[in-house]
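Asks: dropping a prediction and its sequence here:
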Amino acid sequence: MAARSGPPAAAVDPEAVLSHSFPEVSFAYDERDVALYALGVGACGADAIDEKELHLVYHRDGQPHIKALPTFASLFPFKNSNGLGIVDVPGLNFDASLLLHGQHYIEIYKPIPSRANVVNKTKIAGLHDKGKATILEIETTTHVKDSGEVLCMNRSTIYLRGAGGFSDPSRPYSYASYPTNQVSRISIPNSAPSAVYEDQTQQSQALLYRLSGDYNPLHSDPMVAQVAGFTRPILHGLSSLGFAIRAVIKSFCNGDPTAVKSIFGRFLLHVYPGETLVTEMWLQGQRVLYQTKVKERNRAVLSGYVLLKHIPSSLFDRKRWGRM
Ligand SMILES: CCCCCCC[C@@H](O)CC(=O)SCCNC(=O)CCNC(=O)[C@H](O)C(C)(C)COP(=O)(O)OP(=O)(O)OC[C@H]1O[C@@H](n2cnc3c(N)ncnc32)[C@H](O)[C@@H]1OP(=O)(O)O
């Protein structure tokens, strides 16, 4: 994504932003993309023959195709033109070097195939003036090109630091086209988590993850990271989300990536590649609440929930015995 030069002009014209329509975008992906993504979110990172994860990166001849993680779908919005497709939105002036990913929501309607020709339809789903920042929400629905079957929907919440203050502070502008309770910040239970999963990110994690399609230099260029206020390049929010959702799938779905219906995550703080992610999880009916902390700094960096299609029967016993 190219940064605009100079400070943002009086930042946002909501009418112009909301009337923008995005072009449809077609693209294809295959198993190589699916496997590369899985490595970028740590699959088999601790054990190259992990029986709950090898199917995410490899399949032997005669076996079914490798399986796509549900969060593989989070890459689809990055196929939109001009990076994220937001650089050219009229009436939206912002400094791209200050952009952060704030939240992400995914609905999965069909298991994500390991290869497909697909089409993105994108629209603006939200715009909020937070004074010091503007929040822009982009919704991308992806369907299979030939059949028209709808696969998934991504709603990306983008936090544009320094671009707010375009409305009356006593009645700040806020628009959303969806029920906001889908993505409200979750409260972490006081009880002990049902499961805890620890994962080590690699120093090269962001350099590997970017090859899946988010080439924002914030994650690779030390100078750009410094301008954005970080001591060094930070990990993509969607890579951290991928780590957390892998933890849920391993802990509650016996490694089956098709068991997930929807996913929500709020990025609370940046992660530096090389840090250790500890994901605590609480099973509440079909929902798994989670919170991911960076072990080295003991800070929460991500929290949210995963809605499962059903509670796997193997969990009934484990639930009875409490903590896994
Ligand atoms: C199409 C695909 C698009 C995807 C684009 C992504 C491109 C990627 O390359 C970019 C990345 O991956 S960046 C890395 C991942 N993200 C991060 O590391 C951000 C971590 N979070 C933060 O730093 C702070 O929460 C921060 C800075 C976000 C907010 O902190 P503060 O400024 O201190 O905010 P605060 O004063 O607490 O709150 C102000 C108002 O904003 C709301 N808010 C806060 N954090 C939010 C968040 N994470 N997401 C959404 N909204 C958020 C608050 O609720 C508050 O609003 P209100 O006053 O109405 O309650």
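Replies: That came through, no problem.
Asks: let me see the contact set for the spatially closest residue to D50 that is not a sequence neighbour.
Replies: With sequence-adjacent residues excluded and distances taken as CB to CB, 6 or more residues apart in numbering, D50 is closest to C44, at 5.2 Å. Every C-beta, even on glycine, is put in place using the N, C-alpha and C of the backbone. Going by CB atoms under 8 Å, 6 or more residues apart in numbering, C44 touches 38, 50, 53-54, 56-57.
Asks: distance-wise, check C44 relative to D199.
Replies: Distance of C44 to D199, given as CB to CB, to the nearest Å: 11 Å.
Asks: isn't there a helix covering L75?
Replies: Yes - applying DSSP: H, G, I helix; E, B strand; the rest coil, one finds L75 inside a helix.
Asks: give me the neighbour count for it.
Replies: 21 (other CB atoms under 10 Å).
Asks: which residues touch it?
Replies: Counted by CB under 8 Å, 6+ apart, L75 has contacts 33, 37, 212-214, 238.
Asks: returning to that earlier point: nearest to the ligand, of the contacts of C44?
Replies: For those, the minimum distance to the ligand (CB to the nearest ligand atom) is 18.2 Å, reached by A38.
Asks: how about the strands in this protein?
Replies: 25-29, 99-108, 116-129, 133-144, 150-161, 174-176, 195-200, 260-267, 276-284, 287-294, 299-308 (DSSP state E).
Asks: and the furthest pair within the contacts of C44?
Replies: With CB to CB as the measure, no two of these lie farther apart than A38 and D50, at 11.1 Å.
Asks: any stretches of this protein with poor pLDDT?
Replies: 1-10, 61-64, 81-85, 182-183, 312-324 (pLDDT under 70).
Asks: just give me the longest helix of it.
Replies: In the chain, assigned by DSSP state H, the helix with the most residues is helix 237-252.
Asks: let me see the contact set for the residue in the stretch 1-150 of the chain positioned nearest to the ligand.
Replies: As assessed by CB to the nearest ligand atom, the ligand sits closest to G102 within the stretch 1-150 of the chain, at 2.6 Å. The neighbours of G102, taking CB under 8 Å, 6+ apart as the test, are 135, 157-159, 266-267.
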